[in-house]
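> sequence first, predicted model second:
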Amino acid sequence: MKYLYQNVEIKLTERGCLIRNKSLFDNLSNYKFIYSIKEEENMLQLGQFEIVCEPGEIKEVEISWEKSERTYTKNISMVLKKDELWASAGFEIAYGQETIERKEKIEKDENEIKIIEGDGNIGIYTGKTKALFSRDRGLVSLILDEKELIAERPQPVFWRASTDNDRGYLHPYECAMWLGASVFQKLHHAELKIDENKKWAEVSYVHELPVVPKTEVNVIYKVENTGEIKVTLKYNGKDGLPELPLFGMRFKFNKEYDKFKYFGRGAEENYIDRNIGARLDVYEKNVKDNLTPYLTPQECGGRTDVRWAEIKSSENEGIKFKRDRENFELSVLPYSFLELEQAGHQFELPEQNYTYATIIMKQMGVGGDDSWGAPVLEEFCIPSNVDYEYSFYITKAGGEE
C-alpha cells in the first residue's frame, strides 16, 4: 500500500517501506515516522525512525515487521519532530495502513437445544441464549445471559434519513417508497427447521414489501448450539423499482444501552465514498455523541468495513454483532431515521428514548459534488433489480471474536 502527503510518497512493503520525496526543497528532516503492528486493540509492535531524504530521492527503510495468526494492521504515521507555529511536536501529518486478513477458527462450547412450540410462538433455548419467535411478527424477545436486550422486533430497512445532498437532487422524492417499505411490512408465517443432530434450529420469515412492483425479503434466524444466532437477509431484486438507499437490519434497544464499541474504520463518521481517510482500528463512543450536529438533522454517524460491534450499557452488558463472510456497515444513533427525517432543526429532536443500531450490508454514498443537483456517483449506489444476500452473527457483548 502507498499513500501521499503533499510531495511525499510512502509505500509499505514486506521488508519495510519505500519513501519517495517529490518535493523541491524539504529533505524530511523535520519529521519522524512511527510504525506499528496492531491486532485489534493489542499493540504487537511499536517503533520509529528518522531519515534524511533529499528532494527527488527514493529511500528504502527496512522494518522487521511482526506477524500474527489473527487479522492485523501495519501502520506508519508521519509526525512533526518539534513544535511549529501551526502545530505542536507529535502532530500527525499523514498515515498509511495495510490490513492483513486471517481466517480464524475459534472453539466454542456446545449446548443442548430446546424447542418449545406454541400456537403463536416458537421458543428456542440453548445455554444462556433464549430466543422467542412470534409466528407472525418475527423475533420478539432475545435474552442473552439473563438479560432481555431488544425493545421490539428487528426489521429489514431500506431507508436512511435524507442528507442535504439527497434533498438537493430530489432523491427522497424518487425513492420514497423505500421509506414506506422500512416501516410497513407484511410477514408471512414462520417456518421452523431443526437439524437432525440438534446442532441448530432455524426460523425463517418472508417480509412482503409495499412497493410497486412488489418484492420481498427473506429473513432467517439460525440459533446454533454454541449460543450464537446467525441472521441472514435475502433481498429479491425486481426491475422497475428505484435504487435502494441502503439494505440492512435495524435493532431497537432501551436507552440504557448508551455506548458502542466496534472494529472498523474511524474514528469519525465515514461512508463508502468518504472512507479513504478513515483507518481501521477499535473505537468506542457514547451513542448520543455519534449524532453529528448538522444544522438540519440528517443521516450521520455511519461506519464502514466493520468486523464486529458491541452495543453496551454502563455495566458493560449488551449485544455483539459479528461479520459472517463480509464486513458490514454500522449505524448506532439515539434516534430513528423517522425522528431525524421529521426534525427541521436540532432543537426539534426529542429526548432520547431508545438506541437504534443498524447492521448494514451496504448504504449508498453521501455524494457532495455539490448540494443542489449532482447525484451520488453510480459506483456508490445500490441497484434495486439485483438479488442481495448477507449474514451476521449475534452473541453477547464481551464474547470471543
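Ah, there it is. Residues are numbered from 1 along each chain as shown.

> quick one: residues contacting the closest residue to Lys261 other than its chain neighbours.
Distances taken as C-beta to C-beta, 6 or more residues apart in numbering put Glu284 closest to Lys261, at 4.2 Å, once the chain neighbours are dropped. C-beta here means a position set from N, CA and C on the backbone, and glycine is covered the same way. Taking C-beta atoms under 8 Å, 6 or more residues apart in numbering, we find Glu284 in contact with 259-261.

> wait, which of those is closest to Lys234?
Nearest to Lys234 among the contacts of Glu284: Phe260, at 26.7 Å, using C-beta to C-beta.

> pull the contacting residues for the residue nearest to Tyr125 when sequence neighbours are not counted.
With sequence-adjacent residues excluded and distances taken as C-beta to C-beta, 6+ apart, Tyr125 is closest to Lys114, at 4.5 Å. Counting by C-beta under 8 Å, 6+ apart, Lys114 makes contact with 123-126.

> among these, name the ones in strands.
123-126 (DSSP state E).

> now, of those, which are buried?
Buried subset of those (neighbour count, 16 or more other C-beta atoms under 10 Å): 124-126.

> shaky segments in the stretch 251-400 of the chain?
Within the stretch 251-400 of the chain, the stretches with pLDDT under 70 are 399-400.

> name the nearest residue to Val306, sequence neighbours excluded.
Per C-beta to C-beta, 6+ apart, closest to Val306 is Gly264, 3.4 Å.

> tell me which element the one you found is part of?
Using DSSP states H and E, Gly264 sits in strand 259-266.

> list the helices and strands that strand packs on?
strand 279-286, strand 303-306, strand 308-312, strand 328-333 (3 or more C-beta pairs under 8 Å, 6 or more residues apart in numbering; DSSP states H and E).

> highest mean neighbour count out of these?
Compared across the helices and strands packed on strand 259-266, strand 328-333 shows the largest average neighbour count, a mean of 25 (mean count of other C-beta atoms under 10 Å).

> extract the C-alpha trace of that one and format it as CSV.
Provided in CSV are the C-alpha atoms of strand 328-333 (Å, rounded to 0.1, in the frame of the first residue of the first chain):
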residue,chain,number,x,y,z
PHE,A,328,-20.7,-4.8,7.2
GLU,A,329,-21.5,-1.1,7.7
LEU,A,330,-22.8,0.2,11.1
SER,A,331,-25.1,2.9,12.3
VAL,A,332,-25.7,3.5,16.0
LEU,A,333,-27.8,6.5,16.8
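
> partner strands of it and their direction?
Strand 328-333 has the following strand partners under DSSP bridges: strand 303-306 (antiparallel), strand 354-363 (antiparallel).

> contacts for whatever helix or strand comes next after that strand, please.
Moving toward the C-terminus from strand 328-333, the next helix or strand (DSSP H and E) is helix 337-342. With contacts defined as C-beta under 8 Å, 6+ apart, helix 337-342 is touched by 157, 159-162, 179, 182-183, 297-299, 333, 348-350.

> who does Ser36 bridge with?
With DSSP bridges as the rule, Ser36 is bridged to Leu46, Asn75.

> number of residues surrounding it?
17 (other C-beta atoms under 10 Å).

> what about it, distance to Gln45?
Distance, Ser36 to Gln45, using C-beta to C-beta, to the nearest Å: 6 Å.

> for Glu256, same thing?
39 Å.

> which of those two has more neighbours?
Counted by other C-beta under 10 Å, Glu256 and Gln45 do not tie: Gln45 has more neighbours, with 18 against 13.

> the more buried one: what's it in contact with?
Here Gln45 is in contact with 35-37, 65-66 (C-beta under 8 Å, 6+ apart).

> let's see it at 7 Å
Counting by C-beta atoms under 7 Å, 6 or more residues apart in numbering, Gln45 makes contact with 36-37, 66.

> got those residues as CSV, with distance to Val140 columns?
Shown next, in CSV, are these (distance: C-beta to C-beta, whole Å):
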residue, distance to Val140
Ser36, 45
Ile37, 45
Glu66, 47
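
> and of these, the nearest to Gly118?
Top of the list for closeness to Gly118, among the contacts of Gln45 and by C-beta to C-beta, is Ile37 at 52.8 Å.

> what's the neighbour count on Cys165?
Just so we're on the same page, residue 165 is Asn rather than Cys. By the criterion of other C-beta under 10 Å, Asn165 has 22 neighbours.

> to clarify, my last question referred to Lys22.
14.

> now Glu202: which helix or strand?
Going by DSSP H and E, Glu202 is in strand 200-209.

> give me the residues contacting that strand.
113, 115, 122, 124, 133, 138, 156, 181, 185-188, 190-194, 214-225.

> list the buried residues of it.
Those would be 200-207, 209, for strand 200-209 by 16+ other C-beta under 10 Å.

> what are the pairing partners of it, and which direction each?
strand 186-187 (antiparallel), strand 191-194 (antiparallel), strand 215-224 (antiparallel).

> need these in JSON lines with distance to Asn316, mean pLDDT and mean neighbour count, can you?
Converted to JSON lines, the strands paired with strand 200-209 look like this (distance: least, C-beta to C-beta, whole Å; pLDDT from 0 to 100; neighbours: other C-beta atoms under 10 Å):
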{"stretch": "strand 186-187", "distance to Asn316": "34", "mean pLDDT": "96", "mean neighbour count": "14"}
{"stretch": "strand 191-194", "distance to Asn316": "34", "mean pLDDT": "96", "mean neighbour count": "12"}
{"stretch": "strand 215-224", "distance to Asn316": "24", "mean pLDDT": "98", "mean neighbour count": "20"}
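
> redo those as JSON lines? Include distance to Gly373.
Output for the strands paired with strand 200-209, formatted as JSON lines (distance: least, C-beta to C-beta, whole Å):
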{"stretch": "strand 186-187", "distance to Gly373": "36"}
{"stretch": "strand 191-194", "distance to Gly373": "46"}
{"stretch": "strand 215-224", "distance to Gly373": "29"}
